[in-house]
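Asker: Let's see this in three dimensions:
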Amino acid sequence: MEQYLYRKKAIDFLLGRNVSMLMSGKGLENKAVILHVIRELVQERFLTESVLVVSSSQAILGCWREKLEKWDHQHTLRTGFIHGSDAEKKRLLERKADLYFITHDGLAWFEKTGIFPFTHVVVDQFGLYSNPKSARFKRFQRFRRNIQYLVVLSSLGAMNRPLDLWAQMYLLDGGERLEERRAGFLERYFFYTGSGENKDRYCDREMKQGAAERIRRNLSDICFMSDAEYALAAEYRRCCNAYVTMDGKEYSKYKMVGQEMLPEFGEKAGSQICTEAVMIRRMQVANGILYGNNGEIHRIHERKTEELKRLLMECMGVSVVIVHWFRHEREVIREKVQKLCVAESEGDIRRWKIQKGAALLVSAAEWSKRSNISVGAEVIIWFSLPWDTGLYERVNEELANGKNATVYRILTRNTIDEELAENISNRAEQRKKLAGIRNGGS
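Answerer: Got it, this is the predicted structure:
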């Protein structure tokens, strides 16, 4: 019920104004809210023929596509992904669609061609536009004058980084709410604490007393922030699946992996031990990182590491813990993710707790050795799932340590990942039923 009220409130807010920012906690179905708004604009109110959604390629092919598939009432939306060569992009635009997708960097093609046929635009991951000196910011600023209806999505954690808000809000209202110039914004809301002449440095700024409340109040008419009661009710130990998909060649490797092991088992090729060995190798391929017989690491794909980076970008400003199952995955994740603290000792965890902006990487298999240390994660991201559903639940409970954590599971479609996730869900349902019986329920 709380989620329904939240979505209705958000939809009414976005439809009630031409420019708005949706800033809310994780797991509150924000993309479903946006799809409802788009259908209303295109098919109910006939205010536009099409809407452009700007997002990352991982999000477009992952969570956006998942939401389009999940919500039956949205299936009437005709969609198109603007990518490929110049000729392919033009052909895609000529095909009539209600909803077009393009990547953030893909906007450069519109700038190059001088074509921008959209008056209604949605921008996902708007925190990417927080640097007013970046080419991305300047490019979008040039398009802004042609946009009549604009919705941007940002995380609630953005309020914890107020210095990044000026550029984002400037693209929305031209400086009406947070000063026309960034220097004026800094002077009004921050003290300069440095000793040098470069007063533009972020690290030498400290917020004035009451500044955060004034910023929030100034943005209240344009920025929808989720009410605490809705966020808490929806996010408590909320589990969200983030799906990735392998291409045909990668999926062929997944189907074939483990077959080369069968001769080693001989007559025991159909035994439980053989089956488990094959499944373990398939788990590794689904994760994109296969551990070879001689100890070498084979990179099969980077779908999960790219999705992990996308999730981390959306979760900026909150405490994030990444959990992996296979030991050899640690170095690959360490290589791909910036600002990462690897939990190899209790000291690593204590150092992470005082760092800002870093994610903590832990091994599910090794966590029990140091589970006595309080973590208090707000977001838990499972890069790879374990066989043991009980271990999965214990690790989540210990990492959250009483906080209303949101749990993400990065799953590769049409692989053993989905079976592991289903086993976890079935166990959770069984526990709920058992709890109901113990409490006198039916």
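
Asker: can you give me the strands in the stretch 151-300 of the chain?
Answerer: For the stretch 151-300 of the chain, strands defined by DSSP state E, counting those that start in this stretch occupy the ranges 190-192, 205-207, 223-225, 238-244, 289-291, 297-299.

Asker: Just give me the lowest mean pLDDT stretch among these.
Answerer: Per-segment mean pLDDT for the strands of the stretch 151-300 of the chain reaches its minimum on strand 205-207, at a mean of 74.

Asker: quick one: contacts for the residue nearest the centre of the chain?
Answerer: The residue lying closest to the centre of the chain (Cα atoms, centre = their mean) is Leu311, at 3.2 Å. Counting by Cβ atoms under 8 Å, 6 or more residues apart in numbering, Leu311 touches 242, 379, 381, 408, 410. Quick note: C-beta positions are derived from backbone N, CA and C, even for glycine.

Asker: Next SSE downstream of the helix or strand where it lies?
Answerer: Assigned by DSSP states H and E, Leu311 belongs to helix 303-314. Counting by DSSP H and E, the element after helix 303-314 in chain order, helix or strand, is strand 320-324.

Asker: That following strand - what's its average pLDDT?
Answerer: 95.

Asker: got the buried residues for it?
Answerer: Buried residues in strand 320-324, counted by 16 or more other Cβ atoms under 10 Å: 320-324.

Asker: buried set for stretch 138-147?
Answerer: 139-140, 143, 147.

Asker: That stretch - what's its average pLDDT?
Answerer: Here the average pLDDT along stretch 138-147 is 92.

Asker: Read off the pLDDT value for Arg438.
Answerer: Per the predicted model, pLDDT is 36 at Arg438.

Asker: whoops, I mixed them up, Tyr230
Answerer: 47.

Asker: Check whether Ala359 really touches His324, as I assumed.
Answerer: No. Using Cβ atoms under 8 Å, Ala359 makes no contact with His324, being 11.9 Å away.

Asker: quick one, helices of the stretch 51-200 of the chain?
Answerer: For the stretch 51-200 of the chain, the helices defined by DSSP state H, counting those that start in this stretch occupy 57-59, 65-70, 86-94, 107-113, 135-144, 165-173, 182-189.

Asker: Pull the number of nearby residues for Arg91.
Answerer: Other residues lying near Arg91 total 12 when counted by other Cβ atoms under 10 Å.

Asker: again with Lys89
Answerer: Close neighbours of Lys89, defined as other Cβ under 10 Å, add up to 20.

Asker: so who does it touch?
Answerer: 82-83, 109.

Asker: Same check on Val407?
Answerer: Counted by Cβ under 8 Å, 6+ apart, Val407 has contacts 237-240, 379-382, 396.

Asker: Mind doing that once more with 7 Å?
Answerer: By Cβ atoms under 7 Å, 6 or more residues apart in numbering, the residues touching Val407 are 237-239, 380, 396.

Asker: how about a markdown table for the residues you listed, with distance to Arg299 added?
Answerer: Output for the contacts of Val407, formatted as a markdown table (distance: Cβ to Cβ, whole Å):
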| residue | distance to Arg299 |
| --- | --- |
| Arg237 | 33 |
| Arg238 | 32 |
| Cys239 | 28 |
| Ile380 | 25 |
| Asn396 | 28 |
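
Asker: Compare those residues and tell me which is most surrounded.
Answerer: If you count neighbours using other Cβ under 10 Å, the busiest of these is Ile380, which has 25 neighbours.

Asker: I'd like to know the beta-bridge partner residues of it.
Answerer: Beta-bridge partners for Ile380, by DSSP bridges, are Val321, Val407.

Asker: and what of Val121?
Answerer: Beta-bridge partners, per DSSP bridges, of Val121: Leu52, Leu150.
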